[in-house]
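Peer 1: got a structure for you, letters missing:
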């Protein structure tokens, strides 16, 4: 420390950059990790919402999935669409972020929901499950989509749909505005 009791005269990051880097790496190693998912809101030409029926859980969902380590959420959303439905599209921005509290065996989760736009008739006709993660997919009018989605997923979806109509984006806790 200096004479006034402030920061050291010769801080570690200047004196030993390698030791400073190791100190930061240890801090990074011990910090909590978050699960992160990325989903997309996609419509067909009739204004119906694309939902998927994952083979590994009982409820329908928005297309998407878990973000891999060091992968940007938007890249994960595009990757999941390509891997699960053979769909290559550009995203039109973030609609909402939803923090889902720990439940069952799961830690908390951040869900990023992106605007996938409206598919052309040709794109919609070419969709097909391309791996074993999806049992089915379909386009639904909003009332039918609401029937198939878990309540908090429908709340998130509804908030994301509303966000498309405004310049602002929404931050949610379990589907509810925070």
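Peer 2: Thanks, I have the structure now. Predicted model only: the values in this text are computed from it and were never measured.

Peer 1: low-confidence stretches in this protein?
Peer 2: 1-8 (pLDDT under 70).

Peer 1: can you pull the contacts of the spatially most central residue of the chain?
Peer 2: Taking C-alpha atoms, centre = their mean, the centroid of the chain lies closest to residue 38, which sits 2.1 Å from it. Taking C-beta atoms under 8 Å, 6 or more residues apart in numbering as the criterion, residue 38 is in contact with 64, 65, 67, 73, 74, 76, 77, 80, 111, 112, 113, 114. Heads up, the C-betas are built off the backbone N, CA and C, glycines and all.

Peer 1: go with 6 Å
Peer 2: By C-beta atoms under 6 Å, 6 or more residues apart in numbering, the contact list for residue 38 reads 64, 67, 73, 76, 77, 112.

Peer 1: which residues touch the fourth one?
Peer 2: In other words, residue 76. Contacts of residue 76 by C-beta under 6 Å, 6+ apart are 38, 67.

Peer 1: following the helix or strand that contains it, which helix or strand comes up?
Peer 2: Following DSSP states H and E, one finds residue 76 within helix 73-85. The C-terminal neighbour of helix 73-85 among helices and strands, as given by DSSP H and E, is strand 94-100.

Peer 1: what lies in contact with that next one?
Peer 2: Contacts of strand 94-100 (C-beta under 6 Å, 6+ apart): 109-115, 156, 159-160, 163, 169-174.

Peer 1: helices and strands around whichever helix or strand comes after it, which ones?
Peer 2: Reading on from strand 94-100 to the C-terminus, the next helix or strand found by DSSP H and E is strand 109-118. Strand 109-118 sits against strand 35-43, strand 94-100, with contacts defined as 3 or more C-beta pairs under 6 Å, 6 or more residues apart in numbering; DSSP states H and E.

Peer 1: please redo it, this time with the cut-off set to 7 Å
Peer 2: strand 35-43, helix 73-85, strand 94-100, helix 151-163 (3 or more C-beta pairs under 7 Å, 6 or more residues apart in numbering; DSSP states H and E).

Peer 1: would you turn these into TSV with distance to residue 178?
Peer 2: Below are the helices and strands packed on strand 109-118 laid out as TSV (distance: least, C-beta to C-beta, whole Å):
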stretch	distance to residue 178
strand 35-43	17
helix 73-85	18
strand 94-100	7
helix 151-163	11
